[in-house]
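A.B. asks: just to be clear, the model below is a prediction. Sequence and coordinates:
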There are 2 protein chains.
Amino acid sequence: MDNDGARTGTDVMPLDRSSPMPLWAQLVDELTRRLKAGHFAERLPTDQELMTTYGVSRQTARDAVRRLGESFRLERHRGKGTFVRQAQFELPVGIMYSWFQAIESQGAKQDSVVRACELRQDVIVAEELAVEADLPLFYLERLRLADGVPLALDRIWMPAVLAAPLMETDFTHTALYDELRDKAGIVPTRGQETIHPVIPIPSVARLLEMPKGAAAFTIVRRTWIGDRPLERRDTIVRGDRHAFVSSWSQEPGAQATEPRLKLVAQT
Amino acid sequence: MDNDGARTGTDVMPLDRSSPMPLWAQLVDELTRRLKAGHFAERLPTDQELMTTYGVSRQTARDAVRRLGESFRLERHRGKGTFVRQAQFELPVGIMYSWFQAIESQGAKQDSVVRACELRQDVIVAEELAVEADLPLFYLERLRLADGVPLALDRIWMPAVLAAPLMETDFTHTALYDELRDKAGIVPTRGQETIHPVIPIPSVARLLEMPKGAAAFTIVRRTWIGDRPLERRDTIVRGDRHAFVSSWSQEPGAQATEPRLKLVAQT
DNA sequence: CAAGATCTATTGTTCGTACATTCGAATCAT
DNA sequence: ATGATTCGAATGTACGAACAATAGATCTTG
């Protein structure tokens, strides 16, 4: 991997002024390439630098940066420069993330009853997490409450090698991903959630204090770091008190609102 | 409402060059105002027209139009001009829309068994649709099949005054919104879907040929034309053969994929 | 030393200009 | 009439220039 600011010669690919592709497009490609190669970890070139480095006008340089910002999260500040926004730790980790946030923002106190936090063996989950069947897995089972009312039952499996630093954590008030980041330096890069309707088994229904004959959601989440499986999580959410809601509308001529599902508490 | 191209004098609000707000921003506001007032039904002013009308440079005019395009769906064509993209009839009508599309794109033949297509009275739904309780409602009940396999049970209520032209339609292969648009000239502008897990009542479970003890999704959709309720629809989807799936990923530095749920068939 | 003033770097806004590219209509030649 | 050519309109690309606004560093001064 090349060094950052170093001009090693092969660093900069000159633009092709005879190409039919616009200069700004070539510059976008070039900057994208360098960004992905790890350049500009901190700061992007200034307008002036782009002008002299690539021999374009400021207009063209700015145009390229503007369009680059459609793919990358860039922040420009007068007097300072252009920066790649640091990867946020609070990734949009699917539906559950926004849900717990919404609950919090409505003023309800969240906490969890930790029902298990241990190392376990499980052949089936081990297979899914791509670890040897006889290796231990970190297992965390929590009953999540909002103002003391059961909301969901959360069961998490992770390879023990990755989750070892979390063993001693008190998960009563702590978010898993925060702990993972702070104690193990791990942040998931990819995730998937699958949502099914289920009839919870009696023991779970009792835990969640659900009325008899009510259905629930199961949300199965899988996360990865690159290609490496990090986590499998099964969450059972009470279906009688929560729903997924999607709204859309279209002002005449205006952009249509993308349908986006939100898990919300029922009144 | 003012006429379109007519320059009636109050049509054009001049920009304030002493304002701290950039000219392009003022121009965006002005064009937004006029768009919402029904101007430019067909074509937006050309760069040249904006320059002379508002006394700005082409750069500024183009900048304004570019940013206007972030709120409105604009199409610019060399040699032709700038146009407001016509409201598409195939609105992103929530989750179900993409679901039936996905099924179709996977090659499965869809059709419906029309179980009821009639006028009915229903006090509760009438209340919801904001019509007099003793007025009739258009009621359509369909069992939706993919390659002959039951997928979902669909029940639709609409005010009869709006849906009258649909009474004679054969809904075996026809999409409701297409019919509404073609025969009644009606297109919903707003919608909401709420998704719950349920245990279907035996008669419905039998219709959907669901295994005993399986749960299902109910999707309640409400649509409006402006503020006027158009439709209430209850759809019961087999939960053992379908799921909502949401994926997200984050390239380093790249825009995070918004979590978006899709209803998909299980393999 | 500290508070204020000044300078420098960097992005934001705005003007002007020129030519390229594409579309559609008008014109011309056959 | 019909096909090819030309022309005008409109957007796309690219250059140059100037000044404004902001942040941070440096300098000045009490």
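C.D. replies: Alright, I've got the coordinates.

A.B. asks: any idea how chain A splits into domains?
C.D. replies: A:23-84, A:94-249+A:256-261 (automatic domain parsing).

A.B. asks: what mean pLDDT would you report for the shortest one?
C.D. replies: Which is domain A:23-84. Across domain A:23-84, pLDDT averages out at 94.

A.B. asks: how about stretch A:243-260?
C.D. replies: On average, stretch A:243-260 scores 62.

A.B. asks: hang on, the earlier thing: Throw the domains of chain A into a markdown table and include mean neighbour count and distance to DNA strand C, thanks.
C.D. replies: In short, each C-beta sits where N, CA and C put it, glycine included. Below are the domains of chain A laid out as a markdown table (neighbours: other C-beta atoms under 10 Å in any protein chain shown; distance: least, C-beta to the nearest atom of the strand, whole Å):
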| stretch | mean neighbour count | distance to DNA strand C |
| --- | --- | --- |
| domain A:23-84 | 16 | 3 |
| domain A:94-249+A:256-261 | 17 | 26 |
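
A.B. asks: for the residue in the stretch 51-200 of chain A positioned nearest to DNA strand D, give me phi and psi.
C.D. replies: Residue nearest to DNA strand D within the stretch 51-200 of chain A: A:G79 (2.5 Å; C-beta to the nearest atom of the strand). Taking degrees, to the nearest 10, you get phi 80, psi -10 for the backbone angles of A:G79.

A.B. asks: could you do A:F217 as well?
C.D. replies: Dihedral angles for A:F217 - degrees, to the nearest 10 - are phi -90, psi 140.

A.B. asks: Serialize the domains of chain A to JSON lines and add fields for distance to B:L74.
C.D. replies: What follows is the domains of chain A, written out as JSON lines (distance: least, C-beta to C-beta, whole Å):
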{"stretch": "domain A:23-84", "distance to B:L74": "16"}
{"stretch": "domain A:94-249+A:256-261", "distance to B:L74": "14"}
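
A.B. asks: between those domains, which one is nearest to B:T60?
C.D. replies: domain A:23-84 (13.2 Å; C-beta to C-beta).

A.B. asks: still on that earlier bit, looking at the domains of chain A, which is nearest to B:P200?
C.D. replies: domain A:94-249+A:256-261 (9.3 Å).

A.B. asks: figure out how far the closest one is from the centre of its chain.
C.D. replies: 14 Å (C-alpha atoms, centre = their mean, to the nearest Å).

A.B. asks: how about A:A116, what does it touch?
C.D. replies: Listed by C-beta atoms under 8 Å, 6 or more residues apart in numbering or on different chains, the contact partners of A:A116 are A:139-141.

A.B. asks: residues in the stretch 51-200 of chain A within reach of DNA strand D, list them.
C.D. replies: Proximity of the stretch 51-200 of chain A to DNA strand D is confined to A:55-60, A:63, A:77-80 under the rule C-beta under 7 Å from any atom of the strand.

A.B. asks: and with 6 Å instead?
C.D. replies: Neighbours of DNA strand D within the stretch 51-200 of chain A, by C-beta under 6 Å from any atom of the strand: A:56-60, A:77-80.

A.B. asks: dump stretch A:36-45 to PDB, restricted to CA.
C.D. replies: Written as PDB, here are the backbone C-alpha positions of stretch A:36-45 (Å, rounded to 0.1, in the frame of the first residue of the first chain):
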ATOM      1  CA  LYS A  36      -9.700   3.100  -2.100                       C
ATOM      2  CA  ALA A  37      -5.900   2.600  -2.100                       C
ATOM      3  CA  GLY A  38      -5.800   4.200   1.300                       C
ATOM      4  CA  HIS A  39      -4.700   7.700   0.300                       C
ATOM      5  CA  PHE A  40      -6.200  10.800   1.800                       C
ATOM      6  CA  ALA A  41      -6.800   9.000   5.100                       C
ATOM      7  CA  GLU A  42      -7.200  12.400   6.700                       C
ATOM      8  CA  ARG A  43      -7.500  15.100   4.200                       C
ATOM      9  CA  LEU A  44      -8.200  15.300   0.500                       C
ATOM     10  CA  PRO A  45      -6.200  17.600  -1.800                       C
END
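
A.B. asks: who's in contact with A:E127?
C.D. replies: Here A:E127 is in contact with A:A133 (criterion: C-beta under 8 Å, 6+ apart).

A.B. asks: so what does it look like in phi/psi?
C.D. replies: phi -60, psi -50.

A.B. asks: distance of it relative to B:M210?
C.D. replies: 29 Å (C-beta to C-beta, to the nearest Å).

A.B. asks: quick one, phi/psi of the residue of chain A found nearest chain B?
C.D. replies: Residue nearest to chain B within chain A: A:P197 (3.3 Å; C-beta to the nearest C-beta). Dihedral pair for A:P197: phi -90, psi 140, per degrees, to the nearest 10.

A.B. asks: tell me what the nearest residue to it once chain neighbours are set aside is bridged to.
C.D. replies: In space, and not counting its chain neighbours, A:P197 is closest to B:P197: 3.3 Å by C-beta to C-beta, 6 or more residues apart in numbering or on different chains. Taking DSSP bridges, one finds B:F217 as the beta-bridge partners of B:P197.

A.B. asks: for A:F244, same thing?
C.D. replies: A:L263, B:I195.

A.B. asks: repeat for A:D111
C.D. replies: Beta-bridge partners of A:D111, as defined by DSSP bridges: A:L145.

A.B. asks: quick check: it vs B:R76, distance?
C.D. replies: Taken as C-beta to C-beta, the span from A:D111 to B:R76 is 54 Å.
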